[in-house]
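Chemist: Okay, sequence plus prediction incoming.
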Amino acid sequence: MTRLRLALCGLALLAFSTGCDSDGGGGTEATVRVMSQNLYLGGDLFTLLEPQCEGNAIVGCVAQLYATIEASDPAARMAAIAAEIARVDPDLVGLQEVSTYYVQSPGDNQTGSPTPATQVTFDFLDLLMDALAAEGADYRVVSVSNNADVEFPATTDGATFFDVRYQDADVILARGDVTTGATTEQSFQSLLTIPIGGAEQTFVRGYQSVEATVGGLDFTFFNTHLEVGGQAEAIQVLQASELLTPLGAASGPIVFVGDINSNGNANGTSYQTLTVPLDDAFPVGADPTCCQAADLRNAASQLQTRIDVVFHRGFDAVAQADVVLDDPSDRVGGLWPSDHAGVWAELSAVVQ
């Protein structure tokens, strides 16, 4: 774990400090602490694209993937993430891969008129909010951006079938004492469509924002999860470009968090696009945030790239910034809380 402490107004800034007069002409210093965490859906969806999963074999692959998700112990992982949120105590939190799973047995996905599965097996947001309450951390949901909603047939024996439905969302949480206002939830126009099991599946992603006030400072908080890299990088770059419009339209200071799937330490294309209007709270070379093994059972950390970010505009300084949940001691029951580390930063600005 690395902690970066930057000078503010010529002095080392203690957390939540106020009263620094940076412009020599009145005003008070407001500090805003934010966090970003990808919760990890619990398995690698892209295994369904492997050659051994083509055609009718998809049903066995879906069953194996769902077994991996069950084995990832979502409840324990959400409890570990909640404990870290409670420790950091951010004003606002941006979450990605906030997953909900449903099953239907017997399944009807292979019939001519299937009905969506409705039996909830894992609701990551409910699990996280319950764990936060158990920690005594007062947070509320202020924005939910609903993304992909896909369903596949599955079987473990080749004779009986069940359906697995996966819903993805991005979520913004606000601490109980933070004032929030208008929200925006918007899907990207540029989306990835890929064939899975002989059917085209479109994976919706988007961005969200909320107007907030902390310490008398009004600002806009953005959260997003861009498409993956590799063959889908062109779509990721288009999504990053789409963000320039709402970022440019927002008045006043901005905090932007999320999983952008673009390596900040290597100045990836989407990273470069977004850091034209925004500043990075972390220096190039900061600790990596992605990614642990798909089953989360690797003993030593496998994090190699920094794709989880805190960007900002209109703030005077970064008081603190840290990468968290990246140490083997953070594991629960031999599992990492997520395949991503979390990031948080504390920013300051003068309120006139």
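Modeler: Great, that's in hand.

Chemist: Tell me the gap between stretch 269-289 and the middle of its chain.
Modeler: 16 Å (Cα atoms, centre = their mean, to the nearest Å).

Chemist: which neighbours does the helix or strand hosting residue 34 have in its sheet, and in what orientation?
Modeler: Element membership for residue 34 (DSSP states H and E) is strand 28-38. Strand 28-38 has the following strand partners under DSSP bridges: strand 92-96 (parallel), strand 342-351 (antiparallel).

Chemist: What distance do you get for residue 69 to residue 40?
Modeler: Using Cβ to Cβ, to the nearest Å, residue 69 is found at 10 Å from residue 40. All C-beta spots, glycine's among them, are computed from the backbone N, C-alpha and C.

Chemist: same check, this time on residue 319
Modeler: Taking Cβ to Cβ, one finds residue 319 at 29 Å from residue 40.

Chemist: send the alpha carbons of stretch 72-90 over as PDB?
Modeler: The C-alpha coordinates for stretch 72-90 follow below in PDB (Å, rounded to 0.1, in the frame of the first residue of the first chain):
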ATOM      1  CA  SER A  72     -16.100 -16.100  -5.100                       C
ATOM      2  CA  ASP A  73     -18.200 -15.600  -1.900                       C
ATOM      3  CA  PRO A  74     -19.800 -12.300  -2.800                       C
ATOM      4  CA  ALA A  75     -21.100 -11.700   0.700                       C
ATOM      5  CA  ALA A  76     -17.600 -11.900   2.300                       C
ATOM      6  CA  ARG A  77     -16.100  -9.800  -0.400                       C
ATOM      7  CA  MET A  78     -18.700  -7.100  -0.100                       C
ATOM      8  CA  ALA A  79     -18.100  -7.100   3.700                       C
ATOM      9  CA  ALA A  80     -14.400  -6.600   3.200                       C
ATOM     10  CA  ILE A  81     -15.000  -3.700   0.800                       C
ATOM     11  CA  ALA A  82     -17.600  -2.100   3.100                       C
ATOM     12  CA  ALA A  83     -15.000  -2.300   5.900                       C
ATOM     13  CA  GLU A  84     -12.500  -0.400   3.700                       C
ATOM     14  CA  ILE A  85     -15.100   2.200   2.800                       C
ATOM     15  CA  ALA A  86     -15.900   2.700   6.500                       C
ATOM     16  CA  ARG A  87     -12.100   3.100   7.200                       C
ATOM     17  CA  VAL A  88     -11.500   5.600   4.500                       C
ATOM     18  CA  ASP A  89     -14.700   7.500   5.200                       C
ATOM     19  CA  PRO A  90     -15.100   9.100   1.800                       C
END
